[in-house]
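Colleague: here is my input; please provide its structure:
(one chain, ligands or ions: 2)
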Amino acid sequence: MPRASFWLSGWVSGALFCAAATGGSSSNQAAKIIAPAVSTGTGLLLEPALTLPEFTREKFAAAMATVGAEKIRRPWTRSVVTLSPHPRTDVRGLTEAEVKSYMLEAKRLFDRGEAVPVSDVGLISTQEDVVRKPMLNHIAVFSNSVARVYLLVQKTSTDTGWSHFSIVQDLTVTPVLDYYAELTADGPRFEGTSCYKCHSSGPLAIHPAREDLVLDAPLAAAISQHIADQPRSQFVFPKNSPKPPTGEKLALKFCTRCHEDGGERDALYQLHAHPIRVLVDFGYMPPNRRLKPEEIAELKAWLERKP
Ligand code: HEC
Ligand code: HEC
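Modeller: Residues are numbered from 1 along each chain as shown. Ligands and ions are numbered 1, 2, ... in the order given. Modelled structure (predicted):
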């Protein structure tokens, strides 16, 4: 379903009009600008919300440019860069070698300044006890008819070097399969265990930690919309990096309306406590309304229950 279905839930004709007007997920038509991240004080956060007052927009822009100023802040008309057609026709199931070559191609395009990256300080990784300092992300998206390819070039504000991660969605099979990897000096290394703690349902929508900590807010919105419109997919866990124990499944109906096996998004478990605490506290989830105090209390009790 297009994202319009929940932004405009209940407005049937409005939703159809919106889907037609934006003409598909990779279009450059204006997507709704991402609402600024402001804690709603639910008490769900385990650590005080960070606002990073010393990290000015100027410092942010300078830190982002250390990746190579020519690679970022590029003019764009389409937020998703089109890849050449897949060499094998009628492919049913990409091989691991093909998945890895898409990951490397994404990095190559980024390094040559031929990607359209959005640059931000990511909310989910910056808040709580994960890094608790600005987490700098460049995210670029690519696709052709067989794959959606995502590249993340990342470091914390105090790291010196940038790390590279990728997600490839194989669109040639049902369900669509998501491959995760870190791009190391020896090439892509598939991973699963650590990524699943936040990536419960494939690529994550963009959420800048502060309104001014994003380079190109319209691009962030367009990429976020492309991600929200992704097909439902299944996580591929490599043998050496298996699915971790998940704890209890979230069964509160104000979340399972959308987050459920076979739902619009995949089911959530206690393992996903960190992104749940952040996205609910900052008012992004549920997407269409604020939780009532008694619902927050139910969610909090569930998060605190021993798995
Ligand atoms: C602590 C939570 C967390 C973990 C663990 C995590 N990610 Fe992410 N990842 C995110 C968030 C949040 C974003 C979106 C960032 C933003 O808003 O700028 C993201 C974005 C990405 C993107 C860009 C596409 C997208 O989803 O927006 C890729 C690629 C990616 N991550 C790969 C990985 C891989 C591979 C792993 C495991 C090795 C991993 N991530 C582990 C939170 C996480
Ligand atoms: C009306 C449908 C809807 C409801 C209700 C809803 N969500 Fe979501 N949720 C989404 C969509 C769509 C996304 C992906 C787009 C985004 O993050 O903006 C998402 C993303 C998330 C994510 C990131 C992982 C993912 O699936 O991409 C978490 C965590 C999350 N929601 C938690 C919750 C919690 C907790 C509740 C209940 C308090 C909730 N959501 C209620 C639709 C919903």
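Colleague: Thr89 is in what secondary structure piece?
Modeller: Following DSSP states H and E, there is no helix or strand that holds Thr89.
Colleague: where do the strands sit along the chain?
Modeller: 80-82, 118-121, 135-143, 147-156, 163-170, 176-184, 187-190, 214-215, 233-235 (DSSP state E).
Colleague: which of those is buried the deepest?
Modeller: strand 118-121 (a mean of 27; mean count of other C-beta atoms under 10 Å). Bear in mind the C-beta positions are built from the backbone N, C-alpha and C, glycine included.
Colleague: got a list of contacts for stretch 30-46?
Modeller: 7, 22, 49, 123, 127-129, 206-211, 214, 217-218, 220-222, 224-225, 276-278, 280-284, 290-291, 296, 299-300, 303 (C-beta atoms under 8 Å, 6 or more residues apart in numbering).
Colleague: please go through these and note which also touch ligand 2.
Modeller: Ile276, Val280, Tyr284, Leu291, Leu299 (C-beta under 6 Å from any ligand atom).
Colleague: and these, which two are the farthest apart?
Modeller: Tyr284 and Leu299 (13.9 Å; C-beta to C-beta).
Colleague: just to revisit the earlier point, narrow the contacts of stretch 30-46 to those in helices?
Modeller: 7, 22, 123, 217-218, 220-222, 224-225, 276-278, 280-281, 296, 299-300, 303 (DSSP state H).
Colleague: buried ones only from these, please, as a PyMOL command.
Modeller: Selection of the buried residues among those in PyMOL, burial being defined by 16 or more other C-beta atoms under 10 Å:
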select buried, resi 7+22+123+217+218+220+221+222+224+225+276+277+278+280+281+296+299+303
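Colleague: low pLDDT regions in the chain?
Modeller: Counting by pLDDT under 70, the chain contains low-confidence residues at 1-29, 307.
Colleague: ligand 1 contacts on that one?
Modeller: 120, 122, 124-125, 130, 137, 139, 150, 152, 165-167, 180-182, 191, 194-195, 197-199, 203-204, 206-207, 227.
Colleague: and if we set it to 5 Å?
Modeller: 120, 122, 124-125, 130, 137, 139, 150, 152, 165, 167, 180, 191, 194-195, 197-198, 203-204, 206-207 (C-beta under 5 Å from any ligand atom).
Colleague: looking at the strands of the chain, which is nearest to Phe55?
Modeller: Closest among these, once you apply C-beta to C-beta, is strand 118-121, at 7.4 Å.
Colleague: pull the CA atoms of that closest one into PDB?
Modeller: The C-alpha trace of strand 118-121 is given here as PDB (Å, rounded to 0.1, in the frame of the first residue of the first chain):
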ATOM      1  CA  VAL A 118      20.900  12.600   2.100                       C
ATOM      2  CA  SER A 119      23.100  13.600   5.100                       C
ATOM      3  CA  ASP A 120      21.700  13.700   8.600                       C
ATOM      4  CA  VAL A 121      22.300  13.000  12.300                       C
END
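Colleague: give the contact list for the residue lying closest to Ile206 once chain neighbours are set aside.
Modeller: Among residues not flanking Ile206 along the chain, Ser224 sits closest, at 4.3 Å (C-beta to C-beta, 6 or more residues apart in numbering). Ser224 makes contact with Ala31, Ile34, Ala205, Ile206, His207, according to C-beta under 8 Å, 6+ apart.
Colleague: so what's the residue count around Lys133?
Modeller: For Lys133, the neighbour count with other C-beta atoms under 10 Å is 16.
Colleague: chain neighbours aside, what residue packs nearest to the residue of the stretch 201-307 of the chain found nearest ligand 1?
Modeller: Distance from ligand 1 to each residue of the stretch 201-307 of the chain (C-beta to the nearest ligand atom) is smallest for Pro203, at 3.2 Å. Nearest residue to Pro203, sequence neighbours excluded (C-beta to C-beta, 6+ apart): Ile227, at 4.8 Å.
Colleague: pretty sure Ala205 is one of the things that neighbour touches, is it not?
Modeller: Yes: using C-beta atoms under 8 Å, Ile227 is in contact with Ala205, at 4.9 Å.
Colleague: okay, which residue is most central for the protein?
Modeller: Closest to where the C-alpha atoms of the chain average out (C-alpha atoms, centre = their mean) is Leu204, at 1.9 Å.
Colleague: what sits against that residue?
Modeller: By C-beta under 8 Å, 6+ apart, the contact list for Leu204 reads Ile124, Cys198, Ile227, Pro275.
Colleague: Lys300 too?
Modeller: Lys300 sits in contact with Thr42, Gly43, Leu44, where contact means C-beta under 8 Å, 6+ apart.
Colleague: now the residues you listed: which count as buried?
Modeller: Thr42, Leu44.
Colleague: which ones are touching Pro175?
Modeller: Here Pro175 is in contact with Pro231, Arg232, Ser233, Gln234 (C-beta under 8 Å, 6+ apart).
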